[in-house]
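Trainee: this is a predicted model, with the sequence first.
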Amino acid sequence: MIAIAWQGVRGFPVRTALTTLGLMVGIVGLVSVFSASETIVATVKQRAILTGGQASTFDISGLRGQGGLERSGVLLAQLGSSFSSSVRGTRLASTSATKLELGSKPFDADLIFTEPYLRELRSFPIVAGQWIDNDQSGMALVLNEAAFEASQVTENEQLRVSVERNAQKIPVTVTGVVNDGSPRPSAYANINHLPSLMVNQENLISTSLELSSPELTSNVITTRLSELDNLSGTTTSWNVNRRDTVEQLSSEVFATRSSFLIVGILGLLSTALAVANVGLSALRERSAELSLRRALGGRRWQIPGLMILESQIIAVLAGAIAVPVSYLIYPVVAAQFGAPFGVGSPPYPWMSAFIGLGLGMTTALLGSAAPAIRALNTPISSMMRE
């Protein structure tokens, strides 16, 4: 019966080509929709991690001045020992009294003092050079892409950091460029250099801690901070805020993926209608052939079964063409929908391709159902008259 079905497929090349093309476009469209949605999901998630950290990342602020900067290291160690080994953390500090300069021209950017461990929390991709480390001699800066584009500096070129309150100008070297997901120009420096930069201006320093772990909550952190204050005999006005946005964006991402999926399914449904229309036309066109098969002893179910089998052969042919085509255009689709920040496009969604092939076969089945049912219910005498 497969050989007979293959003869039917080959015997009507125009119909076969049109049906194959319709199914191929539907399958490619569905795989492209899946690809686009996966790319958008990866992009949104990566940007959320770059700007806010992994899920369950908290910002702890309230430490001021030189004393707060010195206490932050001890406090980070105490908090780390209070929770499980899954808790990761780092220190960050800033001051409003510093400004970057390119030559004699002020360069407006956020200057963030931190530890090398920040990159473990936010996974900044390195675009050029290297990230800050504790072994660097002299003050080094790592610019984000926005600052690098605005300043037009080159790697290892010197900038100057000015301290407005005491008119200091300290030369620093740009050692790297990172993608931190922020459109605002920013520069990162090792927190160990901050005290020497802010001589006699220590009261302008603001220090915060960044902790990340799935087991943490704001209440748990606040309670532990209060206990540590009681043990040290200090009183600190703590602000504990969750800074990550991964879970907040989950609902938006789910809605986006659902919308894309609906578009892909509607495309295949329209293909099913086209296949059904072509099949009904083919039924009338092949009435003489089909009635002859019945007259020669063919069973009643064989004619509709033959039509369904032909549609499945065409669907497999369409899938065999659609999968390589979708594989080739996938990088273009991923780029158009915004490839993830700092990472390559997600791998080609082979599972989506197989799902698309299965849905294509289902579409062909649905499209051939109407002419098959009509053939099943049409008496042989009616076929012979046609």
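Mentor: Okay, I see it. Numbering: from 1, shown residues only.
Trainee: look up how far residue 187 lies from residue 50.
Mentor: Shown here: residue 50 relative to residue 187, a distance of 16 Å by Cβ to Cβ, to the nearest Å. Heads up, the C-betas are built off the backbone N, CA and C, glycines and all.
Trainee: now swap in residue 201 and tell me
Mentor: 19 Å.
Trainee: wait, a strand at residue 240?
Mentor: Yes - when DSSP: H, G, I helix; E, B strand; the rest coil is applied, residue 240 is found to be in a strand.
Trainee: residue 201 and residue 187: who's more crowded?
Mentor: A direct count of neighbours by other Cβ atoms under 10 Å for residue 201 and residue 187 places residue 187 higher, at 23 against 18.
Trainee: beta-bridge partners for the more buried one, please?
Mentor: residue 111, residue 143 (DSSP bridges).
Trainee: ok, it to residue 59 distance?
Mentor: If you go by Cβ to Cβ, the gap between residue 187 and residue 59 works out to 19 Å.
Trainee: then residue 214?
Mentor: 17 Å.
Trainee: which one of the two is surrounded by more residues?
Mentor: residue 59 (17 against 10).
Trainee: the more buried one against residue 208, yeah?
Mentor: Yes - using Cβ atoms under 8 Å, residue 59 is in contact with residue 208, at 5.8 Å.
Trainee: ok, which stretches of the stretch 151-300 of the chain are strands?
Mentor: For the stretch 151-300 of the chain, applying DSSP state E, counting those that start in this stretch gives strands covering 158-163, 168-178, 186-190, 206-212, 239-242.
Trainee: show me the contact partners of the fourth one.
Mentor: For strand 206-212, contacts defined as Cβ atoms under 8 Å, 6 or more residues apart in numbering pick out 53-54, 56-64, 68-69, 72, 75-76, 79, 87-95, 118, 121, 221, 243-244.
Trainee: what subset of those residues is buried?
Mentor: 53-54, 56-61, 63-64, 68-69, 72, 75-76, 79, 87-95, 118, 121, 221, 244 (16 or more other Cβ atoms under 10 Å).
Trainee: with distance to residue 140 as added columns, please give the strands of the stretch 151-300 of the chain in TSV.
Mentor: Formatted as TSV, the strands of the stretch 151-300 of the chain follow (distance: least, Cβ to Cβ, whole Å):
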stretch	distance to residue 140
strand 158-163	10
strand 168-178	4
strand 186-190	7
strand 206-212	20
strand 239-242	30
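Trainee: wait, residue 62 touches residue 239, no?
Mentor: Yes - counting by Cβ under 8 Å, residue 62 does reach residue 239; the two are 5.6 Å apart.
Trainee: now do residue 199 against residue 110, distance only.
Mentor: Using Cβ to Cβ, residue 199 is found at 22 Å from residue 110.
Trainee: again with residue 72
Mentor: 19 Å.
Trainee: likewise residue 244?
Mentor: 19 Å.
Trainee: and what of residue 156?
Mentor: 22 Å.
Trainee: try residue 258
Mentor: 37 Å.
Trainee: and these two? Which one has more around it.
Mentor: residue 110 (16 against 11).
Trainee: which residues does the more buried one contact?
Mentor: Neighbouring residues of residue 110 by Cβ under 8 Å, 6+ apart: 94, 184, 185, 186, 187.
Trainee: show me which of these is closest to residue 128.
Mentor: residue 187 (14.1 Å; Cβ to Cβ).
Trainee: that closest one touches residue 144, doesn't it?
Mentor: Yes - using Cβ under 8 Å, residue 187 is in contact with residue 144, at 7.4 Å.
Trainee: hang on, residue 113 is in a helix, isn't it?
Mentor: No - the assignment for residue 113 (three-state DSSP) gives strand, which keeps it out of a helix.
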